[in-house]
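Student: Provided below for reference: sequence and predicted model.
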Amino acid sequence: MSAELSITPQAELWARYSAGLYRNEELGFSLDLSRVNMSPSEQSAIAEMFPMAFSAMAQLEAGSIANKDEGRMVGHYWLRAPQLAPTPELEADILQAIFDVNAFCQAVHAGEVTGSGGKFTNVLLIGIGGSALGPQFIATALASSHDKLHMSFFDNTDPDGIDLVLSSLASCLATTLVVVVSKSGGTPETRNGMLEAQAAFQAAGIPFAPQAVAITQAGSKLDQTAQSEGWLKTFPMWDWVGGRTSVMSTVGLVPAALQGLDIDSLLEGAGQMDSLTRVPQVKENPAAHLAMAWYHCGQGRGSKDMVLLPYKDRLALFSKYLQQLVMESLGKELDRKGQKVNQGIAVYGNKGSTDQHAYVQQLRDGLNNFFATFIEVLKDRQGDSIEVDAGVTSGDYLYGFYAGTRKALYESGRDSITITVNEVNAHSVGALIALYERAVGLYAELVNINAYHQPGVEAGKKAAAQILALQSQAVEVVVSNKASLTADEVAKLANASDVESIYGILRHLAANPSRGIVRQPGKTPAEDRFGKL
Ligand SMILES: O=P(O)(O)OC[C@H]1O[C@](O)(CO)[C@@H](O)[C@@H]1O
């Protein structure tokens, strides 16, 4: 196949590109599938499956219980078109939330709401998954020297990671606004981050509650904490917005507006893309183009990975953001009929041309188990560029590396999609997010899975809770015994069967001296002994 492709005449490729390119001048956006080796008959066969996908999406937007397993509506599209919400109450809720976000952020910027040290200078956002990735992506994509507040994030329960962020905030904690984001309000990593931040405030003698904001569902544990401790502000999150599609809700709008970004433009860009991707004709709909290419490349089974190569540093986190959006949505064991399908599309990537000096070698010459998506940004920078060679700028190099890699991949029979935007700004970022949200929704319909739940993540959370329960049993046995014990002995005394987990727990505790456990290494893990410090 690669030999055939490599000899496709340039003129034919140009004709294919020109005739097939989807573009919208107003949005400054185009989508090119000419380097996906998909014949017209293959395209038509996939296109025949779309009417039911379009109709499912229309029902979803009209307020059907699209996430049946969780009995929820799926309403992220209403966030940028509140008039489309299925009830006037929901429309009013969305509008009110946007109003409140603007009012609060304006008051912060004007210094009407301050920290104990005066006007806020920094934001520390605490969240994980969809409650951090979107805000992080937007914060990096749209950062500038005019940012009104400096953004930092706790997006994990890694103590060392937390310390690193806290040390950067040490001199400005009294002017740091802490935004704790959790839809469920009970996610352990986020709760731990909140407790770590509270401890840091306490150690610095700064009251936490007057500088803390919660974004969560009404009545959640986080909501109760915020209410009982008298936090500065709480913003609502709704059950009909999924975590991974929450970036246009208060989850993404509050941090973006605090940073000083143009949230109206973000919503407008997303809304404009929604209008284009709502069109129920494959040819006219860029999200349908994308979903069709995914279906073709992975034969509807996700047999090829999606490699994202945005040629713009600002979009580096887009790959990470899409990893959650695509993999948490599409990675499912069962289809809607309950049949075991083990669906999904693996997503990875960072940015071009940096990745050219990392894994692009394998993309060109190694395993052909992927399709690439290039994201090209036409505008190089604000202002002029110097020439790095006669008549050539750094941006020309970046373009050259993108175009060269696209060509090289095509010549070795590797499919690629190219998305082009005029520039990276709030409008285009909103549009890109909306494009992928719709493509994921359409693709999920093509393969008949529920894109809006995440039962697999729940399994991991339950298993983690069991390990933590086992920890207290194991510690009790070790500290109440005079003699040191092997993991097998601890397990027996704790009446537990999972010796390997007990060994892992005790080895971890022993590596942290303040936990009061020591490890005496033996020849093998089974011979290691654990005792009180
Ligand atoms: O906002 P929450 O409820 O803290 O959840 C955070 C993340 O955890 C998940 O539920 C599972 O990873 C994601 O879907 C979600 O984005």
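Tutor: Cool, got the structure.
Student: buried stuff in the helix or strand encompassing Phe104?
Tutor: Here Phe104, judged by DSSP states H and E, is contained in helix 88-109. By neighbour count on 16 or more other CB atoms under 10 Å, the buried set for helix 88-109 is 90-91, 93-94, 97-98, 100-101, 104-105, 108-109. Heads up, the C-betas are built off the backbone N, CA and C, glycines and all.
Student: mind giving me a markdown table with these and columns for distance to Asn37?
Tutor: A markdown table is the format used below for those (distance: CB to CB, whole Å):
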| residue | distance to Asn37 |
| --- | --- |
| Leu90 | 44 |
| Glu91 | 45 |
| Asp93 | 47 |
| Ile94 | 43 |
| Ala97 | 45 |
| Ile98 | 44 |
| Asp100 | 50 |
| Val101 | 46 |
| Phe104 | 51 |
| Cys105 | 48 |
| Val108 | 52 |
| His109 | 51 |
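Student: out of these, which is nearest to Asp160?
Tutor: Using CB to CB, Val108 comes nearest to Asp160 of the buried residues of helix 88-109, at 30.1 Å.
Student: wait, isn't that closest one in contact with Leu177?
Tutor: Yes. Under the criterion of CB atoms under 8 Å, Val108 makes contact with Leu177 at 6.7 Å.
Student: can you check which residues contact both of these two?
Tutor: Contact criterion CB atoms under 8 Å, 6 or more residues apart in numbering; residues shared by Val108 and Leu177: 120, 149, 258.
Student: considering those residues, which possesses the most neighbours?
Tutor: Leu258 (26 neighbours; other CB atoms under 10 Å).
Student: about what we covered before: just the C-alphas of the helix holding Phe104, formatted as CSV.
Tutor: The C-alpha trace of helix 88-109 is given here as CSV (Å, rounded to 0.1, in the frame of the first residue of the first chain):
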residue,chain,number,x,y,z
PRO,A,88,-36.2,28.2,30.7
GLU,A,89,-34.9,27.4,34.2
LEU,A,90,-31.7,25.8,32.8
GLU,A,91,-31.3,28.7,30.4
ALA,A,92,-31.6,31.2,33.3
ASP,A,93,-29.1,29.1,35.4
ILE,A,94,-26.5,29.3,32.6
LEU,A,95,-26.9,33.0,32.0
GLN,A,96,-26.9,33.7,35.7
ALA,A,97,-23.7,31.7,36.2
ILE,A,98,-21.9,33.6,33.4
PHE,A,99,-23.1,36.9,34.9
ASP,A,100,-21.8,35.9,38.3
VAL,A,101,-18.5,34.8,36.9
ASN,A,102,-18.0,38.2,35.2
ALA,A,103,-19.2,40.2,38.3
PHE,A,104,-16.9,38.2,40.7
CYS,A,105,-13.9,38.4,38.4
GLN,A,106,-14.4,42.1,37.8
ALA,A,107,-14.6,42.7,41.5
VAL,A,108,-11.4,40.8,42.0
HIS,A,109,-9.6,42.7,39.3
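Student: go ahead and name everything in contact with stretch 21-32.
Tutor: So stretch 21-32 is contacted by 17, 20, 34, 269, 272-273, 276, 286, 289-290, 378, 417-423, 427-428, 431 (CB under 8 Å, 6+ apart).
Student: let's go with 7 Å and repeat that
Tutor: Residues from elsewhere that reach stretch 21-32 (CB atoms under 7 Å, 6 or more residues apart in numbering): 17, 272-273, 276, 286, 289-290, 417-422, 428, 431.
Student: what does the stretch 101-250 of the chain put close to the ligand?
Tutor: 128-131, 182-184, 187, 190, 243-244 (CB under 6 Å from any ligand atom).
Student: so which of the contacts of stretch 21-32 sit within strands?
Tutor: Applying DSSP state E to these, the entries found in strands are 417-421.
Student: closest to the ligand among the shared contacts of Val108 and Leu177?
Tutor: Leu258 (18.3 Å; CB to the nearest ligand atom).
Student: from memory the closest one sits against Asn122, does it?
Tutor: No. Using CB atoms under 7 Å, Leu258 is not in contact with Asn122; the gap is 9.6 Å.
Student: so which residue is dead centre in this structure?
Tutor: Tyr321 (2.9 Å; CA atoms, centre = their mean).
Student: how about the nearest residue to that residue, chain neighbours excluded?
Tutor: Taking CB to CB, 6 or more residues apart in numbering as the measure, Tyr321 lies nearest to Phe137, with 4.3 Å between them; neighbours along the chain are not counted.
Student: beyond the helix or strand containing the one you found, next helix or strand please.
Tutor: Element membership for Phe137 (DSSP H and E) is helix 133-141. Heading C-terminal from helix 133-141, the first helix or strand you meet, by DSSP H and E, is strand 150-154.
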